[in-house]
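Undergrad: Take a look and give me a structure for this.
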Amino acid sequence: MTVKVRKRKSTSGTMHWQADIHVTLPNGEILRERRMAQGSTKAAALRWAKAREAHLLRHGKEERKDRNKKTPTLGEFVDQFRREYLIANRWRPSTICTWDSVLARHLIPVLGDYQLDAIGPREIQLLKQRPLAATTTNMVLAKLRAMLNQACEWGLIERAPKVSRVKEAVKSPEYLSFDDYDRVIETTRTVLDEMALVILLLGGDAGLRCGEMLALRWCHVFFNRNRIHVCENDVRGHVGPPKGGRDRWVPMTKQLRKALEVMERRSERVLWRGEDAEPLTAGVLAWRVYKATSHVGLGRKGPHTLRHTFCSHLAMRGVSAVKIQKLAGHAKLSTTQVYMHLAPSTLDDAIEALGR
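TA: Down below sits the predicted model:
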């Protein structure tokens, strides 16, 4: 039995390690296999080749019947992955839309022509080198990891390579100060229409996401209980449960309740547009927020800035992280913790205790 690894250049021009394995099976038959080895160094490729040698000794010809079958490229694998994994497991349409966007914009242009078993550490680095935000890069890497793991589970590749994340810088979410938020609300109330006011209050006083605002129906607004039931989310026209699959109940502030009570009801949805009262779209909703914030000299702020404002103001008022998590609908407490540095006197109390 012998195992050798040597460098070879692929058809795409990249260098990789090729494993040459000679195995004598228990029945005396000699088996030879040449394959691309996983790993960016000779030592890593040799470890992979040794593991492959042991696999051949245990399973023999079982693996040989498909040895001439071509491994699909990442681009060729996309349709199978969508059909047999995303759709078969009944992932939400909004999630599938996100997958389609990441595939079309990031994965296929960079790695679409690579065979699945040819994607290793060097190819993964191509994704990390792109001029994208760290959070976007990590999302793309997570999608690639999921696809390779599934390909491995289905037997299309021997094993999935390790896909490590890039380091993300911790930064505080952008939010409006108390004074700026009050100015935006007052200006919108006097200058703009009631629809824009309701949008701002749903985001800043109730913490609703953009899709949750779009999907909000009048049957979800309970004036007798002074609560809004956040139980639907609209993403690109697909209505489903909120992010994380959890609904929540959010109390209404006095100004939000008053704005909703006087608002014209021309549709089953709270937010609508046009003479036919069609459902509002995300683009129109964002434009109304841009218009309101730009009117008071704050520049273009998006709908999610209102949600950050909601969470930040609660933290600054001394509300606990657990309560903010429930009101905002965060799946993880760690998401809420990014706002807790705004909580009053937390560090001051600690230093005072040390002094005592």
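Undergrad: and the longest helix belonging to the chain, what other elements does it pack with?
TA: If you go by DSSP state H, the chain has its longest helix at helix 134-153. Applying 3 or more CB pairs under 8 Å, 6 or more residues apart in numbering; DSSP states H and E, we find helix 134-153 packed against helix 74-81, helix 93-102, helix 121-128. (Each C-beta comes from the backbone N, C-alpha and C, glycine too.)
Undergrad: right, and those helices - which one's nearest Glu261?
TA: Glu261 lies closest, by CB to CB, to one member of the helices and strands packed on helix 134-153: helix 93-102, at 31.0 Å.
Undergrad: Give me the next element, helix or strand, following that closest one.
TA: helix 108-111 (DSSP states H and E).
Undergrad: what distance separates that following helix from the middle of the whole chain?
TA: Put simply, helix 108-111 sits 19 Å off its chain's centre (CA atoms, centre = their mean, to the nearest Å).
Undergrad: Show me what it is packed against.
TA: For helix 108-111, the packing partners by 3+ CB pairs under 8 Å, 6+ apart are helix 74-81, helix 121-128.
Undergrad: Using PDB, write down the CA coordinates of it.
TA: Output in PDB follows, covering the C-alpha atoms of helix 108-111 (Å, rounded to 0.1, in the frame of the first residue of the first chain):
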ATOM      1  CA  ILE A 108     -22.400  31.400  -8.500                       C
ATOM      2  CA  PRO A 109     -20.300  34.300  -9.900                       C
ATOM      3  CA  VAL A 110     -17.200  33.200  -7.900                       C
ATOM      4  CA  LEU A 111     -17.500  29.400  -7.400                       C
END
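Undergrad: So what touches it?
TA: By CB atoms under 8 Å, 6 or more residues apart in numbering, the list of residues contacting helix 108-111 from outside reads Leu74, Gly75, Val78, Ile119, Glu123, Leu126, Leu127, Arg130, Leu144.
Undergrad: wait, which of those residues is closest to Leu327?
TA: For these, the residue nearest Leu327 by CB to CB is Leu144; the value is 34.6 Å.
Undergrad: so the closest one makes contact with Leu126?
TA: No - counting by CB atoms under 8 Å, Leu144 does not reach Leu126; the two are 10.7 Å apart.
Undergrad: domain ranges for this structure?
TA: Domain segmentation of the chain under automatic domain parsing yields 2-66, 74-153, 178-342.
Undergrad: For those, give me TSV that also has mean neighbour count.
TA: Below are the domains of the chain laid out as TSV (neighbours: other CB atoms under 10 Å):
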stretch	mean neighbour count
domain 2-66	15
domain 74-153	16
domain 178-342	17
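Undergrad: ranking those by mean pLDDT, which is last?
TA: Mean pLDDT values for the domains of the chain show the minimum at domain 2-66, a mean of 75.
Undergrad: Please compute how far that domain lies from its chain's middle.
TA: Using CA atoms, centre = their mean, the distance from the centre of domain 2-66 to the centre of the chain it belongs to is 36 Å.
Undergrad: Also stretch 176-192?
TA: That offset, for stretch 176-192, works out to 31 Å (CA atoms, centre = their mean).
Undergrad: hmm, who's touching that stretch?
TA: With CB under 8 Å, 6+ apart as the test, stretch 176-192 has contacts from 196-197, 200-201, 204, 255, 288, 291-293, 295-296, 298, 301, 305-306, 309, 313, 316.
Undergrad: which residues of the stretch 101-250 of the chain fall in helices?
TA: Secondary structure of the stretch 101-250 of the chain by DSSP state H, counting those that start in this stretch: the helices cover 108-111, 121-128, 134-153, 178-191, 194-204, 210-215.
Undergrad: any idea which strand is longest in the chain?
TA: What stands out as the longest strand in the chain, according to DSSP state E, is strand 15-24.
Undergrad: Dump it to CSV, restricted to CA.
TA: Written as CSV, here are the backbone C-alpha positions of strand 15-24 (Å, rounded to 0.1, in the frame of the first residue of the first chain):
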residue,chain,number,x,y,z
MET,A,15,-3.1,24.7,-8.0
HIS,A,16,-4.2,21.7,-5.9
TRP,A,17,-2.9,18.5,-4.3
GLN,A,18,-3.6,15.3,-6.1
ALA,A,19,-3.5,12.0,-4.1
ASP,A,20,-2.3,8.8,-5.8
ILE,A,21,-3.4,5.8,-3.7
HIS,A,22,-2.4,2.1,-4.3
VAL,A,23,-4.4,-0.3,-2.1
THR,A,24,-4.2,-4.1,-2.0
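Undergrad: right, and the helix or strand after that strand?
TA: Tracing the chain C-terminally past strand 15-24 and defining elements by DSSP H and E, one meets strand 30-36 next.
Undergrad: on that earlier part again, mind putting the helices of the stretch 101-250 of the chain in JSON lines, distance to Ala43 included?
TA: Output for the helices of the stretch 101-250 of the chain, formatted as JSON lines (distance: least, CB to CB, whole Å):
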{"stretch": "helix 108-111", "distance to Ala43": "25"}
{"stretch": "helix 121-128", "distance to Ala43": "13"}
{"stretch": "helix 134-153", "distance to Ala43": "22"}
{"stretch": "helix 178-191", "distance to Ala43": "57"}
{"stretch": "helix 194-204", "distance to Ala43": "54"}
{"stretch": "helix 210-215", "distance to Ala43": "49"}
